[in-house]
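A.B. asks: could you look at this predicted model? Sequence included:
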Amino acid sequence: MSAVHDASNSAIQLYDVLIIGGGVVGSAILRACTLLGWSCALVEANADLLSNASGSNSGIACTGVDASPGTLERALIRDSISQIRMFCREHNIPNRECGSLVCQWPWDGVETSVMEDKDEENGTKCSTSVDDVGQLGVTPPLVRVLTESWDAGDTHAKMMTAAQLKRMEMNLCNDSEGAVHIPGEIVVDPWLYSIALAVHARENGGTIYTNFCFDAERSFFDATTKMWTVFRRRDHQNNDSDIENEEDSEGESLSSSPSADRPDTIQARTIVNAAGIQADLLQSATGDCPKPSWEARPRRGQYRIFSSNAETKITHPIQPVPSQRTKGIFVFSTLYDQIVVGPTALDQESRTDRTADPEVATTLTEHVKRLIPKLDP
């Protein structure tokens, strides 16, 4: 197995592909390129992988219903959901294939659905088809969610009345105005899934260097040799120096190790920028790269986590009707039966501030209590 190295000596290593950034995207790219037979390495500025946003993702693998139809984003999400399912099965990654419930609530301030609160079993036929609703001259948000799910390939997505929703999730409040069940979505262990990508890449020859902060000013591309020469910033100080080294299932270090091979310089034929919120700054500072035509804008996501019991447990992620800006605040159960509410999506100036906001925490608590009334914070 290739090791995860801490970077700081002068030996020059040569690779086909070098990935900058050790989050879930960088780890996935490292694995994919390694499985193609290329010589690959990944560099991460922090002492550990998944140190930033990737280490605190929700663990919900979505089907892309909120992505615009016909876009590359939706195509990639649709492709990834099938790969996630296969990867979890092959590598015994804990997951729950439960689907999610897009619910409409009276406090959402959107046009209400015309569906009645009973079903055929109770003697009333509910209007669940697009044609039924279209004849009434309205297009409720849930119908839009349903048709977009069908268009995206989720042909088993279906409309549900409030009564049907209550039978599926009995611990929810009684205020729902209906829901759409999207069966393809999956709940995974967010950290274990992400780190498994890096471990599998290593098992197939990939190399990972932590404590390697890409020096954009000194790194350059040689047009004659068609080779990148990448330098490590000697003055970089990360905030993880006091974090103990983590180990994978075979006892090998997944973070920095003073005795490991520690290069200051790496050469590669291709560089992939997977630096997350710092990606535009990294590209702007690298002299031989075109300046980005886009700007990465930080948006903070905050969660609250609660214990659950028989009166508060839910099985499906509960989400609101998504908007163009955000998927909204979810309420869901982890694989370990905690109740999670979040994330928020608050724009901010700082790219590094991850402090919790007490007012946001209060808002999240009020939100989850409204949906699961018996939850005790």
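C.D. replies: Here it is on my side, so go on. Numbers count the residues shown, from 1 in each chain.

A.B. asks: for the rest of this, base every contact and every neighbour count on C-alpha atoms.
C.D. replies: Will do.

A.B. asks: can I get stretch 319-329 in PDB? Just the C-alpha atoms.
C.D. replies: Provided in PDB are the C-alpha atoms of stretch 319-329 (Å, rounded to 0.1, in the frame of the first residue of the first chain):
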ATOM      1  CA  GLN A 319     -36.400  18.500   3.200                       C
ATOM      2  CA  PRO A 320     -38.300  21.500   2.100                       C
ATOM      3  CA  VAL A 321     -39.100  22.400  -1.500                       C
ATOM      4  CA  PRO A 322     -35.700  23.500  -2.900                       C
ATOM      5  CA  SER A 323     -35.100  27.000  -4.300                       C
ATOM      6  CA  GLN A 324     -32.600  28.200  -6.900                       C
ATOM      7  CA  ARG A 325     -30.300  29.300  -4.100                       C
ATOM      8  CA  THR A 326     -30.400  26.400  -1.700                       C
ATOM      9  CA  LYS A 327     -31.800  22.900  -1.000                       C
ATOM     10  CA  GLY A 328     -33.000  24.300   2.400                       C
ATOM     11  CA  ILE A 329     -32.700  23.000   5.900                       C
END
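
A.B. asks: surely residue 16 is in a strand?
C.D. replies: Yes. Under DSSP: H, G, I helix; E, B strand; the rest coil, residue 16 sits within a strand.

A.B. asks: what about it, how many neighbours?
C.D. replies: Counted with other CA atoms under 10 Å, the neighbours of residue 16 add up to 17.

A.B. asks: with residue 23 as the reference, measure out to it.
C.D. replies: 20 Å (CA to CA, to the nearest Å).

A.B. asks: before we move on, what about residue 346?
C.D. replies: Separation of residue 346 from residue 23 (CA to CA): 21 Å.

A.B. asks: okay, those two: which has more neighbours?
C.D. replies: Neighbours per residue (other CA under 10 Å) separate residue 346 from residue 23, with residue 23 holding more: 24 against 12.

A.B. asks: excluding residues flanking it in the chain, which one is nearest that one?
C.D. replies: residue 50 (4.7 Å; CA to CA, 6 or more residues apart in numbering).

A.B. asks: my read: that neighbour touches residue 26, true?
C.D. replies: No. The criterion here is CA atoms under 8 Å, and residue 50 misses it with residue 26 at 9.6 Å.

A.B. asks: those two: who's more crowded?
C.D. replies: More crowded of residue 50 and residue 26, by other CA under 10 Å: residue 26, with 27 against 22.

A.B. asks: so which elements touch the one helix or strand that one maps to?
C.D. replies: In the assignment (DSSP states H and E), residue 26 maps to helix 24-35. Helices and strands touching helix 24-35, by 3 or more CA pairs under 8 Å, 6 or more residues apart in numbering; DSSP states H and E, are strand 9-20, strand 40-43, helix 190-203.

A.B. asks: the second one pairs with which strands?
C.D. replies: If I follow you right, that is strand 40-43. Note on strand 40-43: by DSSP bridges, its sheet partners are strand 9-20 (parallel), strand 207-210 (parallel).

A.B. asks: now the angle from the first one to helix 24-35?
C.D. replies: Meaning strand 9-20. Orientation of strand 9-20 against helix 24-35 (axes from the mean of the first three to the mean of the last three CA atoms, to 10 degrees) gives an angle of 100 degrees.

A.B. asks: all helices for the stretch 251-377 of the chain, in order.
C.D. replies: 279-285, 358-371 (DSSP state H, counting those that start in this stretch).

A.B. asks: mind putting those helices in JSON lines, mean neighbour count included?
C.D. replies: Formatted as JSON lines, the helices of the stretch 251-377 of the chain follow (neighbours: other CA atoms under 10 Å):
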{"stretch": "helix 279-285", "mean neighbour count": "17"}
{"stretch": "helix 358-371", "mean neighbour count": "16"}
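
A.B. asks: mind putting these into TSV with distance to residue 296 and mean pLDDT?
C.D. replies: Listed next are these as TSV, based on distance: least, CA to CA, whole Å; pLDDT from 0 to 100:
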stretch	distance to residue 296	mean pLDDT
helix 279-285	6	94
helix 358-371	23	96
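
A.B. asks: out of the ones you listed, which comes closest to residue 267?
C.D. replies: helix 279-285 (17.4 Å; CA to CA).

A.B. asks: check which helix or strand residue 151 maps to.
C.D. replies: helix 141-152.

A.B. asks: please read the previous query as pertaining to residue 231.
C.D. replies: With DSSP H and E as the test, residue 231 turns up in strand 227-231.

A.B. asks: point out where the stretch 201-350 of the chain drops to low pLDDT.
C.D. replies: Residues of the stretch 201-350 of the chain meeting the criterion pLDDT under 70: 237-261, 324-325.

A.B. asks: who does residue 13 form a beta bridge with?
C.D. replies: Under the criterion used (DSSP bridges), residue 13 bridges to residue 266.

A.B. asks: start at 766 instead
C.D. replies: All right, first residue 766 from here; so that's residue 778.

A.B. asks: was I right to think it contacts residue 1027?
C.D. replies: No. Checked against CA under 8 Å, the pair residue 778 and residue 1027 is beyond contact range at 10.2 Å.

A.B. asks: which one of these two has more residues nearby?
C.D. replies: Per other CA under 10 Å, whichever of residue 778 and residue 1027 has more neighbours is residue 1027, with 21 against 14.

A.B. asks: would you list every one of the helices in the stretch 866-1015 of the chain?
C.D. replies: 895-899, 906-917, 927-933, 955-968.

A.B. asks: so for the second one, mean pLDDT?
C.D. replies: Along helix 906-917, the predicted local confidence has a mean pLDDT of 89.

A.B. asks: which positions within that helix qualify as buried?
C.D. replies: 906, 907, 908, 910, 911, 912, 913, 914, 915, 917 (16 or more other CA atoms under 10 Å).
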